[in-house]
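Visitor: can't give you the sequence, but here's the structure:
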């Protein structure tokens, strides 16, 4: 027997080292521009997931889902080495089918295919309003328009961990997501480039100081294996986009493959990276992280798609009297999983069960007896012609101690109204308008004083930013207060009975009461109600007392004449009377937690003779639903979920037709058989808020829910809503024009 041969040690595999050639600065710059152009045209975030790594819920079948799917660009292949001219190639996954990760419809139609809007289910491109080539043209045109605008490009270096902590991974492509096993020092520092309103990313090489390269970008067409490609449609396993581009001088044709260009790029023309102190503030990136079309080339394609959907809807439903009727999102199936209801001071999600909410919060429903009593004390006294539609339609539906406010009215005891606004955006939307419309009616009906708190301090504490170079943005929220105040004044309050104030300006007058509230409320109470923990800044924990303070008349010693001299409630007969003023707060029910806390300690801030023991009374509204679905509430952060008070008539019509969630059926036959689900139909729900005529609303509801009569279809209901909203917004805009800066200062 031969001796056993010693076993050979297996060879260790060497770590694979990916060599990334540094591209010319023109190629890196073009890559930056193209990625921003693609995201802006298609209506997707520039990258993802953003801060914290939350990638959303993924594909749930709802293309209008406000939580976007993560977007990650691939590594740019250095095709410029093989091609011998400035070029590059990269790809992007867009979800499934026709692009669930973006807003724009991604076509499967090839050039020369004329199929459009037919009924042949075998045609994968029957819903395409434009071709793949037209989509690529739009991206190319957008990129070259950005080049012509000569936009500045800011670059800065930043520690990799600090950059990811600040921005998340939105600026990284797939190759940059993971560090090498043995990272080098240069791997731990990122050079980040930013073009305002377009893109933030880590380029593969140096970039120019601005987008004006005196060159143009050409997307190469032809064999999709080597050139640009668009993969989409019902039969596609996934939807993705492949981009092969080259750079040519301005004078060269699109088919040029010259190995040189007439423009010489010098080192001086390249952007010099700044330090991390010059890092871009995250607040300016928010529009780039939304699932919305941001460039005009994308809007043009969207209009083509929208026009086709109108035509197809007309064919499917047979609405010959209104051919311009787009296909709207339809009601979900009954067995679809519903989000769990979440309602607190900072978050509203899921399908809202208002009866359960009243039970959980401990408030009371407004019953017929209370409604009749309010009508007798308002309409019956001739201060208003009829009850507000929000009361008639159960939109303001819940209350705390509203019966005692009625007692005050009957006994001629004074009380005042208190409402407010947290200025988070320059333009208010219709959801913001709801409490002010109702408060204006209440003031007219009760002929009482009103105080309006602008919580610019709160918005800074919860959303403020700090930059090492420019400092914080507290002044930004103060400016928003001024802008929002004009919209509030335009609602038509009684000037001599209304006091509108900014916390930043007025908090000193309220400070004694704020201190009293701080003394009366424990940290455990505040943390339990609002969910604050050790990571919250101390201002967040302190703020609830600031929102509570206007509930007490002594916070307004001049406006309400409730001055506490040396802490006394009885310094004069008038002061004693004014200290007994009750307070009524109209608000959405998610604000109730602030005032539950207030009511618990209210007796410590008023005289014992106060009719409500110091407790503020509240009247709660239901939430104004976003366009994409009658759940939760509208948000300023999603421009397509809201109608803003600055929107043009055309924008109002586009948003309603394109985004308003429909409770109607897919076909005329089904609509006639089953009718619409009014509970989930956003257009009908919005008419409940804004259409004044009760009889017309009943008629619309009856027609639409039975699929018969004048308003049998979604198209008819949407058209009526558009007409109503155009009137409301245009009237508001006219009133706002008359509100000057001097007017705001007077208020």
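Guide: Right, received. Where do you want to start? Computed from a predicted model, the values in this text were never measured in an experiment.

Visitor: in the longest strand along the chain, what's buried?
Guide: For the chain, the strand that runs over the most residues, judged by DSSP state E, is strand 240-249. For strand 240-249, the buried set under the neighbour-count rule, 16 or more other C-beta atoms under 10 Å, comprises 240, 241, 242, 243, 244, 245, 246, 247, 248. Where C-beta positions appear, they are placed from N, C-alpha and C, glycine not excepted.

Visitor: Check whether the second one really touches residue 107, as I assumed.
Guide: In other words, residue 241. No: Residue 241 is not in contact with residue 107 according to C-beta atoms under 8 Å; the separation is 11.3 Å.

Visitor: what touches both of these two?
Guide: residue 230 (C-beta atoms under 8 Å, 6 or more residues apart in numbering).

Visitor: re earlier: show me what the longest strand of the chain packs onto, helices and strands only.
Guide: Applying 3 or more C-beta pairs under 8 Å, 6 or more residues apart in numbering; DSSP states H and E, one finds that strand 240-249 contacts helix 25-42, strand 87-93, strand 215-219, strand 229-231.

Visitor: For residue 691, find the nearest of these.
Guide: With C-beta to C-beta as the measure, helix 25-42 is the member of those nearest residue 691 (36.0 Å).

Visitor: So for the next helix or strand after the closest one, what gets flagged as buried?
Guide: Using DSSP states H and E, the helix or strand that directly follows helix 25-42 along the chain is helix 79-83. Buried residues in helix 79-83, defined by neighbour count with 16+ other C-beta under 10 Å: 79, 80, 83.

Visitor: wait, doesn't the first one sit right on residue 87?
Guide: Yes: counting by C-beta under 8 Å, residue 79 sits close enough to residue 87 to count as a contact (4.7 Å).

Visitor: Overlap in contacts, the two.
Guide: residue 244.

Visitor: what's the closest of the helices and strands packed on strand 240-249 to residue 578?
Guide: Comparing the helices and strands packed on strand 240-249 by C-beta to C-beta, helix 25-42 comes nearest, at 56.4 Å.

Visitor: Mind checking the pLDDT average for the longest strand of the chain?
Guide: Here strand 240-249 scores 91 as its mean pLDDT.

Visitor: and it, which strands flank it?
Guide: Its sheet considered, strand 240-249 pairs with strand 87-93 (antiparallel), strand 215-219 (antiparallel), strand 229-231 (antiparallel) by DSSP bridges.

Visitor: among these, which is nearest residue 586?
Guide: Between residue 586 and these, the shortest separation by C-beta to C-beta is 47.3 Å, and it involves strand 87-93.

Visitor: which other residues reach that closest one?
Guide: Counting by C-beta under 8 Å, 6+ apart, 23, 27, 30-31, 35, 38, 71-80, 101, 173, 220, 238-247 sit against strand 87-93.

Visitor: what angle sits between the following helix or strand past that strand and helix 25-42?
Guide: Next along the chain after strand 87-93, taking DSSP H and E as the criterion, comes helix 132-148. Calculated by axes from the mean of the first three to the mean of the last three C-alpha atoms, to 10 degrees, helix 132-148 forms an angle of 120 degrees with helix 25-42.

Visitor: ok, back up a step: right, and the strands paired with strand 240-249 - which one's nearest residue 710?
Guide: Checking the strands paired with strand 240-249 against residue 710 by C-beta to C-beta gives strand 229-231 as the closest, at 42.9 Å.

Visitor: Could you list the residues in contact with the closest one?
Guide: So strand 229-231 is contacted by 106, 107, 108, 132, 135, 136, 238, 239, 240, 241, 242 (C-beta under 8 Å, 6+ apart).

Visitor: And the residues you listed, which two are furthest apart?
Guide: With C-beta to C-beta as the measure, no two of the contacts of strand 229-231 lie farther apart than 136 and 238, at 18.5 Å.

Visitor: Comparing those two, which shows the higher neighbour count?
Guide: Neighbour tally, residue 136 and residue 238, criterion other C-beta atoms under 10 Å: the higher count belongs to residue 136, 19 against 12.

Visitor: quick one, helices of the stretch 451-600 of the chain?
Guide: For the stretch 451-600 of the chain, the helices defined by DSSP state H, counting those that start in this stretch occupy 456-463, 474-489, 503-520, 523-530, 538-548, 573-579, 592-601.

Visitor: Mind giving me the packing neighbours of the third one?
Guide: So that's helix 503-520. helix 456-463, helix 474-489, helix 538-548, helix 592-601.

Visitor: In a markdown table: these, plus mean neighbour count and mean pLDDT.
Guide: Formatted as a markdown table, those follow (neighbours: other C-beta atoms under 10 Å; pLDDT from 0 to 100):
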| stretch | mean neighbour count | mean pLDDT |
| --- | --- | --- |
| helix 456-463 | 21 | 90 |
| helix 474-489 | 20 | 90 |
| helix 538-548 | 20 | 93 |
| helix 592-601 | 21 | 90 |
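
Visitor: tell me which residues in the longest helix seen in the chain are buried?
Guide: Longest among the helix segments of the chain by residue count, using DSSP state H, is helix 714-737. Neighbour counts over helix 714-737 (16+ other C-beta under 10 Å) mark 714-722, 724-726, 728-729, 732, 736 as buried.

Visitor: helix or strand right after the strand or helix carrying residue 658?
Guide: Following DSSP H and E, one finds residue 658 within helix 649-659. Using DSSP H and E, the helix or strand that follows helix 649-659 in sequence is helix 668-674.

Visitor: could you point out which element follows that next one?
Guide: On the C-terminal side of helix 668-674, the nearest following helix or strand under DSSP H and E is helix 682-690.
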